[in-house]
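Participant: below are the sequence and a predicted model; questions follow.
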Amino acid sequence: MLDTIKIKILNYMENSNTLPKYLHDVLIGLMLGDGYLYKTSQTSNSRFEMSFGTDRVSFAEWVGNLFKDYSSTGIIKVYYKKGTPFSKFNYRFKTKTLPIFNFYHDLFYIKNEVTLKYKKLVPSNINSLMNPVVLAYLIMSDGNFDKSRNRIRIYTNSYSKVEVERLAKSIQSNLDIYVGVMHDRKDQWILTIGALQLDKLRDLVKSHFEPSMLYRIGI
């Protein structure tokens with residue numbers, strides 16, 4: 001029976017264009033945040049990767065468990081400062097390189113035809129993708145609770161102002177939550193969700209949060 005289930009999962013991964021619905025939404029949220037998709041060449045298939053801080057092991061394991069059927073390594077420690085009594089490391093998760101992730105690479109990346117390098121963007125159709133699961137994983141990835149102002153900030157600094165505004169509008173139109181677009185520094189913009197919106201936000205996303213990350217919505 002278990003072998004039959006594994007064969008069905010492998011067939012799905014090889015032949016389906018997108019992930020199952022919940023994992024699809026999770027991946028969209030993580031990709032809007034710190035996740036990224038990688039190709040070893042212009043013609044290769046894609047894989048999903050994400051790094052987590054040393055104090056984020058619970059969240060790392062949570063994500064790793066969600067995508068366990070797509071990974072052969074699971075969560076691993078990656079040392080970036082070796083040779084000292086306090087060697088520093090973070091956690092990293094990556095999937096196998098599979099056709100199923102090509103859809104998401106095409107969704108999030110544009111290729112510079114001169115340098116042949118890829119740049120991550122907020123998808124142009126984000127309004128059709130946004131839902132409570134997507135927002136929950138975006139906040140867990142890139143959010144922060146500002147106690148002094150009783151608000152949530154989402155650090156979208158790597159995106160252009162137009163992209164950040166597009167993301168804000170998608171949250172407002174789909175979830176009826178007002179989202180501000182605030183200048184952070186230089187030409188960088190972040191999202192803010194104020195105190196008056198917090199109860200509504202928490203009702204929508206709390207059930208999708210890994211428990212150790214609830215502090216990011218002030219719980």
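Facilitator: Cool, got the structure. Residues are numbered from 1 along each chain as shown.
Participant: who's in contact with whichever strand or helix holds residue 145?
Facilitator: According to DSSP states H and E, residue 145 maps onto strand 143-146. The contact list for strand 143-146, computed with C-beta atoms under 8 Å, 6 or more residues apart in numbering, reads 151-155, 215-218. (Glycine included, C-beta is placed from N, CA and C.)
Participant: packing partners for the next helix-or-strand element following it?
Facilitator: Counting by DSSP H and E, the next helix or strand C-terminal to strand 143-146 is strand 151-154. Here strand 151-154 touches helix 132-142, strand 143-146, strand 188-193, helix 198-205, going by 3 or more C-beta pairs under 8 Å, 6 or more residues apart in numbering; DSSP states H and E.
Participant: need the contacts of strand 143-146 in TSV with neighbour count, pLDDT and distance to residue 101, can you?
Facilitator: Below are these laid out as TSV (neighbours: other C-beta atoms under 10 Å; pLDDT from 0 to 100; distance: C-beta to C-beta, whole Å):
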residue	neighbour count	pLDDT	distance to residue 101
151	19	98	34
152	23	98	29
153	20	98	29
154	24	98	24
155	16	98	24
215	13	98	30
216	21	98	26
217	19	98	29
218	15	97	33
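Participant: nearest to residue 103, of those?
Facilitator: Among the contacts of strand 143-146, residue 154 lies closest to residue 103 (C-beta to C-beta), at 24.4 Å.
Participant: correct me if wrong: the closest one contacts residue 190.
Facilitator: Yes - in this structure, residue 154 is within contact of residue 190 by C-beta atoms under 8 Å, at 6.2 Å.
Participant: what sits against the residue nearest to residue 70 when sequence neighbours are not counted?
Facilitator: Closest residue to residue 70 in three dimensions, ignoring its sequence neighbours and counting by C-beta to C-beta, 6 or more residues apart in numbering: residue 95, at 4.2 Å. Residue 95 makes contact with 47-49, 67, 70-71, 101, according to C-beta under 8 Å, 6+ apart.
Participant: relative to residue 196, how far out is the nearest residue to residue 193 once chain neighbours are set aside?
Facilitator: Ranked by C-beta to C-beta, 6+ apart and with sequence neighbours excluded, the top spatial neighbour of residue 193 is residue 152, at 4.3 Å. Per C-beta to C-beta, to the nearest Å, residue 152 is found 12 Å from residue 196.
Participant: how is the protein divided into domains?
Facilitator: Structural domains assigned to the chain are 2-120, 126-217, following automatic domain parsing.
Participant: quick one: the strands in this structure, in order.
Facilitator: 36-39, 46-52, 75-81, 88-94, 109-111, 118-120, 143-146, 151-154, 180-185, 188-193 (DSSP state E).
Participant: next, the angle from the last one to helix 198-205.
Facilitator: Relative orientation of strand 188-193 and helix 198-205, computed by axes from the mean of the first three to the mean of the last three C-alpha atoms, to 10 degrees: 90 degrees.
Participant: what's the distance between strand 188-193 and the middle of its chain?
Facilitator: 16 Å (C-alpha atoms, centre = their mean, to the nearest Å).
Participant: that's all I had, so thanks and see you.
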